[in-house]
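> Sequence and predicted model, in that order:
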Amino acid sequence: MSKLPIRPTFGLALALVTFAAAAANGPVTVRYDHPENFAETREVKAFAPSRADPGYLDRLKGYIEKKAAKSLEPGQKLDIVVTDLDRAGSYLPSVGSPNPVRVVKDVYPPRMTLHFRLLDSQGRVIREGERKLTDLGFMYDNPGGFSDTDPLRYEKHMIDRWLARGPANL
């Protein structure tokens with residue numbers, strides 16, 4: 001049985017800690033305010049508890065942080081607090097079906113309510129506000145770059161459209 005030398009192991013650990021610290025201090029932070037009260041969470045609990053996907057919030061957070069960071073000017077920071085989320089589609093009540101299915105129709109668009117604060121390099125607030133994002137044309141506007149199997153493709157496209165306005169127009 002071979003043992004790893006201490007130096008490479010220590011170096012790897014140091015690199016991981018450094019990366020984690022850099023990620024935590026990135027230019028964009030996303031928090032969820034009481035996700036247990038989100039429209040999406042309430043719907044899943046009511047109609048499809050077996051389909052609960054607790055990881056979707058982490059995946060969406062990572063996506064927003066990565067995409068928003070690309071739209072900021074050097075030194076700017078963006079803080080986002082999501083206060084409600086309702087993903088595209090809906091679980092409809094069904095009789096006798098042990099596996100509910102999300103039905104995606106144009107009458108169930110993705111929606112997100114968020115509060116944001118854009119800061120300059122000195123920490124001064126440049127812009128702040130609440131946005132209620134909705135993509136009513138999500139079924140007809142092809143969210144290019146996303147796989148048809150990505151369960152968050154409509155939400156990601158909605159976020160992309162908001163961020164495409166640029167920091168000055170958030």
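Thanks, I have the structure now. Numbers count the residues shown, from 1 in each chain.
> give the contact list for the residue nearest the centre of the chain.
Residue closest to the average C-alpha location in the chain (CA atoms, centre = their mean): Leu60, at 2.5 Å. Shown in contact with Leu60 (CB atoms under 8 Å, 6 or more residues apart in numbering): Leu85, Leu152, Glu155, Lys156. Any C-beta I mention is one placed from the backbone N, CA and C, and that applies to glycine too.
> Tell me the most packed of the residues you listed, by neighbour count.
Neighbour counts for the contacts of Leu60 (other CB atoms under 10 Å) peak at Glu155, which has 28 neighbours.
> Helix or strand: which one has that one?
Taking DSSP states H and E as the criterion, Glu155 maps to helix 153-163.
> Correct me if wrong, but the residue nearest to the centre of the chain is in a helix.
Yes: looking at Leu60 with DSSP: H, G, I helix; E, B strand; the rest coil, it is inside a helix.
> Surely Thr113 is in a helix?
No: counting by three-state DSSP, Thr113 is not part of a helix but strand.
> Quick one: residues contacting it.
Applying CB under 8 Å, 6+ apart, the residues contacting Thr113 are Val82, Thr83, Asp84, Leu85, Glu130, Arg131, Lys132, Leu133.
> what about 10 Å?
33, 38-39, 81-86, 130-134 (CB atoms under 10 Å, 6 or more residues apart in numbering).
> again with Arg31
For Arg31, the contact set (CB under 10 Å, 6+ apart) comprises Lys61, Asp79, Ile80, Val81, Val82, Thr83, Leu114, His115.
> These, buried ones only, as a ChimeraX selection?
Remark: buried members of the contacts of Arg31, expressed as a ChimeraX selection using 16 or more other CB atoms under 10 Å:
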select :61,79,80,82,83,114
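> I'd say Lys136 and Pro109 touch.
I think there's a mix-up here, since residue 136 is Leu and not Lys. Yes: judged on CB atoms under 10 Å, Leu136 makes contact with Pro109 at a distance of 5.2 Å.
> the more surrounded of these two?
Pro109 (20 against 12).
> can I assume the more buried one sits in a helix?
No: counting by three-state DSSP, Pro109 is not part of a helix but coil.
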